[in-house]
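Participant: I would like to see how this sequence folds:
(chains A and B)
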Amino acid sequence: MSRGKFKNIELEQLDNPSKKLSEFETSEGIMLKSRYSIKDLDKVKHMGFGAGVEPFLRGPYSSMYTTKPWTIRQYAGFSTAEESNDFYQKNLKSGQKGLSVAFDLATHRGYDSDHERVSGDVGKAGVAIDTVEDMKILFNKIPLDKMSVSMTMNGAVLPIMAFYIVAAQEQGINLSELKGTIQNDILKEYMVRNTYIYPPTESMRIISDIFKFTSEKMPKFNSISISGYHMQEAGATNDIELAYTLCNGIEYVKNGIKSGLSIDEFAPRLSFFWGIGMNHFMEIAKLRAGRLLWSKLIKKFDPKLKKSSMLRTHCQTSGWSLTEQDPFNNITRTCIEASAAIFGGTQSLHTNSLDEAIALPTEFSSRIARNTQLHLQHETKITKTVDPWGGSYYLESLTNDLVDKAWTHIEEIESYGGMTKAIEKGIPKMRIEQSATKKQAKIDSKRDIIVGLNEFKVNYDENIQYLEINNKKVKDLQLKRLKEVKESRDDKKVQVSLENLTSGAVNNENLLALAVEAAKSRATIGEISTALEKVFTRYSAKINTFTGVYSKEIKDDSTFKEAIDLANEFSDLDGRRPRILIAKMGQDGHDRGAKVIATSYADLGFDVDIGPLFQTPQEAAKQAIENDVHILGISSLAGGHKTLVPEVIDELKKYKREDIMVIVGGVVPKQDYSFLKDKGVTAIFGPGTKISETAKTILSILMNK
Amino acid sequence: MAYNLFKEFELISEKAWKQQIQFDLDGKDYNSETNWTSSEGINVKPFFTSEYKSINKFYIPDNWNISQTVYLKEESISNEEIKKLISQEVYDLTIHIQRDCVNLDLLFKEVDLTYLNLYFRIDHFKESLLSTLNNYAKENKTNFHLDYDLLGGYLSTGNWKFSYKEDIEIFKGVINNLSHFKSVVQLKSSNFQDSGANIIQEIAYSMSQADEYVNLFGKEIIKQLNFQIAIGSNYFFEIAKIQTYRILWKTISNSYGYPINDVHIIATPTIRNKTIYDYNNNIIRSTSECMAAILGGANSVKNFNYDSIYKNENEFSKRISRNQLLILKHECHIDKVKNPISGSYYISYLVDEISKKSFALFKELDSSSGFLNLLKKGILQRKIKESAQKEQVNFDAKKEILVGSNLYLNKDEKMNGQLEINPFPTRKSEKTLIEPIIKKRLAMLIEKTRLKNE
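Facilitator: Next comes the predicted model:
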């Protein structure tokens, strides 16, 4: 054989395969071709933009992760201030630079821990804070001038900001040194999550007061984090998440300008928060499209500073995409999602733990979650160049399509006169719920496949120990401390500060400044909230329902048809249609599940009543009896089930209506099933149960009675 | 949308972007702060723009398959297993036959073979066994392949099975006997990756090995050769690597008059970066590796079971590793569009660099003395060792990181008592014809010490 026979050979070029394959329609309604080519860039309007300069297509910073990787920021919530503080101190020692606070539901909604409406909520899903004394314990030995604190708070934003400020002052720290972020994104609360207190207009007034106060006194503090994450978690598609979040941002900007600030005084401190789901390239496109659109939208306000139109963001992988079934699969999901956030150019990231679909993370699971980011940061070399997917015909085309879709939504919201108006009409909320229902139907009909959930199932349970919060212990501790504070404070001073708040609400004084005074006098979160409620009132949302979305997506499914037949059979037997009340109790405002169930059950032929949000067990039982329902369905997502469900059953017994069948759906760890069944619950449906299947189960039980 | 939303913004030139970075660096050095040179000597700049799109034609197959291995037991039992795997969408199956005969009618009872790729790994080349397989392939619509790499076996053990001459003759006979097989060589490029060769070496050596097959067995073997490659953690380089295999093999095969545009590539995560401590990190690692394999355009992906370096094969980890691929297939839509890599400036640049560099090295090997001679002289072994050693030094100095092994350790973790198999395989000290190329995990030394000190 001859040596050197390749000496003059040149490299060949590959040929692209040319077989036509079917197109794929995304949930956003974008048609994906099977292959993209340079021709697809013809319609793309953003080619040639870079990073670090407007419109920030390829990243907010010019060199991105090559000089500084994203910040690993894991969100953590513990039930008491002491426990949280311990955890923060541990993390500080291992070099963590920022901390993230989750509050319990009672705190979110502005109730003291001893309020009758929050019996099941204290210490659930986060830390309970009643007064500045709790806040001082939370930040004990944590130098607030050095530590960046991120607080997820939207409803009770005034008292919480006030407690934080006073805690810092009493640490001897100058306000101008405080750094961190408060979520303060109230508009999305009216669309999803529902942890608001006051009506939209009044809430927007509070936000301007916070903007004014912080831009003057706390220049390093991010006064708002505009969040699409919760919309995605509630089932919004990416175009909706993108558009509505940017619309919310614009609404805050207009509000800030209306209150007399210039765009450059506050826009550089606005930050965003995206959810990152499983459609990998769509998520990358979303982050890029978001930066483009924000630049475009801010341009109208004629900013002088580059930072004013630069979209910086935090991201969190999707909890929605995780499954309770075969939880180790969640490691893979989270890794795929995390990499999308990074390819999109996020500034910080939270990766979910494999058990986050069902409970707060344990030490074991949070280690894996954190390692996912460490792996991507240190092992894969994906940080070595800016926007590594830039130029990809598919990604650029998708970015363009998403920009166009979002722009249409933005124009629609503008046509209503902005987001506050659109919210008052209930439009965004309904759109998101429709999108969630569609998603559910796609899963139930297996058009969307979720491994371990609707396909490739296994018949055994992974033995995972979930973290459980002892609600009663937390509550006792909070009540004790609340009593101590109340006994040792000067009640007169408290009264004066609260009256000032009430009159300040009428007279357009800065409410954050007044709340700080009230916090100093040791007024409680409940007292401060009530002082404002006297003027602002407490908001209760109208319940909009819709029908036909679920059935349209699933009509060919056999279980769906069987469930309808059973419902008809039941009506023939009983003389009326099966009637169900879907109730949400406690301060848990995550109502996507309840809404999806309600509309789907209606499509299956049930008479459906939806209870108002935030019911007490007594109110829920009463409504069930008054409406004479066959079934009371309780939707629980925030861990209050072990307290609230037994109470509602006791209440039904009191009225001798044990015949009303109680079922529970939502996030309930398997380890609690037998407890609930012992208390009288007929059936429990965990996350991912097919809706038509649940209906069949219920109807069969009812008819066998 | 008819009008241009972004017309008020200016496009950025390369020069302006660089200046912006220099401005933002505030006096720090541009090159050292933002440029990175890989162990292959490839320079990665902080940004790539449309100036880097020399290579835009990629071959990405219409489909990729999930692959798994079946160890042949009693036919009826293995038949059940195969059917179960097919229900889990495993359409590429390696069937390991450790005996001399097999009843294929029983083994494939009620199995539709038309859309499956079956790779037979055969321990003993008995003529009767071969003709059973070949006849079955002839009489049925099948895609049968032989999972065999004669030269790979030689370089990884250091010895021929019998002798150079005999082995060649036997394999010639095998090729003749398996005339209805789609392929008869599965060239294990993973031998190079797993032992610490860098990407350029790996590709050049693999091509050199493939070319040696042509020299030994004639041009016809070109159409009957697949590559089995290991995917490392350098995400975009690995994506580019798969395309480079295709480009180089097309070039080489074309020079023989048999241009192969669509060589069959079986990808599998590397074992090099897998660890026994924080073993769940292996799930994370193989997720990004399988993703890179799919995006890079592999035909078939066989995943790594996260605990396989220290535990016996078990259903749980087998399922998790299959589920990783099922999630990649069904949930994240990365293959709805087949060619996301087309147009990417960075990937184009990498494919261009890697293919030029590896082809240059291939030519160099070709004009010196050819694959088997290089092995005999120990040159390839030395080069790989040097590369592996360089990586090991970087690992020890914590410049190369494995999370949980040399950084961010979980100090409470104990592995003693959990090891069902030896995670540090030792070689029998037998005399070999050549120095074998041995697979070696980066974390082995560190793990040994840590186990001792637990």
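Participant: where do the strands sit along chain B?
Facilitator: B:36-37, B:43-44, B:65-71, B:90-97, B:117-122, B:144-146, B:185-188, B:225-231, B:265-269, B:300-302 (DSSP state E).
Participant: Mean neighbour count, those strands: which tops it?
Facilitator: When neighbours are counted by mean count of other C-beta atoms under 10 Å in any protein chain shown, the highest per-stretch mean among the strands of chain B falls to strand B:265-269, a mean of 27. Placement of C-beta: from N, CA and C, glycine included.
Participant: Low-confidence regions, the stretch 451-600 of chain A specifically.
Facilitator: A:460-467, A:469 (pLDDT under 70).
Participant: Stretch B:155-169: how far from the chain's middle?
Facilitator: 23 Å (C-alpha atoms, centre = their mean, to the nearest Å).
Participant: do the same with stretch B:434-449
Facilitator: Taking C-alpha atoms, centre = their mean, one finds the center of stretch B:434-449 at 18 Å from the center of the full chain.
Participant: Which positions within that stretch qualify as buried?
Facilitator: Neighbour-count burial for stretch B:434-449 flags B:434, B:436, B:437, B:438, B:439, B:440, B:441, B:442, B:443, B:444, B:446, B:447 (criterion: 16 or more other C-beta atoms under 10 Å in any protein chain shown).
Participant: picking up where we left off before, need the strands of chain B in CSV with mean pLDDT and distance to residue A:261, can you?
Facilitator: Putting the strands of chain B into CSV (pLDDT from 0 to 100; distance: least, C-beta to C-beta, whole Å) gives the following:
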stretch, mean pLDDT, distance to residue A:261
strand B:36-37, 97, 42
strand B:43-44, 98, 42
strand B:65-71, 97, 56
strand B:90-97, 97, 60
strand B:117-122, 97, 65
strand B:144-146, 98, 69
strand B:185-188, 98, 66
strand B:225-231, 98, 52
strand B:265-269, 98, 53
strand B:300-302, 98, 54
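Participant: Output the ones you listed as CSV; include the columns distance to chain A.
Facilitator: Listed next are the strands of chain B as CSV, based on distance: least, C-beta to the nearest C-beta, whole Å:
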stretch, distance to chain A
strand B:36-37, 5
strand B:43-44, 5
strand B:65-71, 11
strand B:90-97, 11
strand B:117-122, 18
strand B:144-146, 21
strand B:185-188, 18
strand B:225-231, 11
strand B:265-269, 12
strand B:300-302, 13
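Participant: Out of those, which is closest to residue A:584?
Facilitator: Smallest distance to residue A:584 across these (C-beta to C-beta): 41.3 Å, for strand B:65-71.
Participant: Now that closest one - C-alpha only, CSV.
Facilitator: Taking Å, rounded to 0.1, in the frame of the first residue of the first chain, the C-alpha atoms of strand B:65-71 are listed here in CSV:
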residue,chain,number,x,y,z
ASN,B,65,-32.8,5.8,17.9
ILE,B,66,-32.6,4.8,21.5
SER,B,67,-30.2,1.9,21.9
GLN,B,68,-29.8,-0.7,24.6
THR,B,69,-28.0,-4.0,25.1
VAL,B,70,-29.6,-7.4,25.6
TYR,B,71,-27.5,-10.3,26.8
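Participant: Other residues contacting it?
Facilitator: The contact list for strand B:65-71, computed with C-beta atoms under 8 Å, 6 or more residues apart in numbering or on different chains, reads B:78, B:81-82, B:85, B:88-96, B:98, B:117, B:121, B:266, B:299-303, B:318, B:322, B:325-326, B:329.
Participant: re earlier: tell me which of the buried residues of stretch B:434-449 fall in helices.
Facilitator: Judged by DSSP state H, the buried residues of stretch B:434-449 include B:444, B:446, B:447 as members of helices.
Participant: ok, those vs residue A:169, which is closest?
Facilitator: Looking across those and measuring by C-beta to C-beta, the closest to residue A:169 is residue B:446, at 48.8 Å.
Participant: show me the contacts for that closest one.
Facilitator: Residue B:446 touches B:405, B:406, counting by C-beta under 8 Å, 6+ apart.
Participant: quick one: low-confidence ranges for chain A?
Facilitator: Ranges of chain A meeting pLDDT under 70: A:1-2, A:76-77, A:94-97, A:460-467, A:469, A:705.
Participant: just checking, what's the longest helix in it?
Facilitator: What stands out as the longest helix in chain A, according to DSSP H, is helix A:393-415.
Participant: give me every residue that touches residue A:470.
Facilitator: Residue A:470 makes contacts with A:79, A:123, as judged by C-beta under 8 Å, 6+ apart.
Participant: ignore the last one, residue A:129
Facilitator: A:81, A:103, A:104, A:107, A:135, A:138, A:160, A:163, A:525.
Participant: do that again at 6 Å, thanks
Facilitator: By C-beta atoms under 6 Å, 6 or more residues apart in numbering or on different chains, the contact list for residue A:129 reads A:107, A:135.
Participant: Distance of it relative to chain B?
Facilitator: 32 Å (C-beta to the nearest C-beta, to the nearest Å).
Participant: Quick check: the gap between that residue and residue A:663.
Facilitator: Distance, residue A:129 to residue A:663, using C-beta to C-beta, to the nearest Å: 34 Å.
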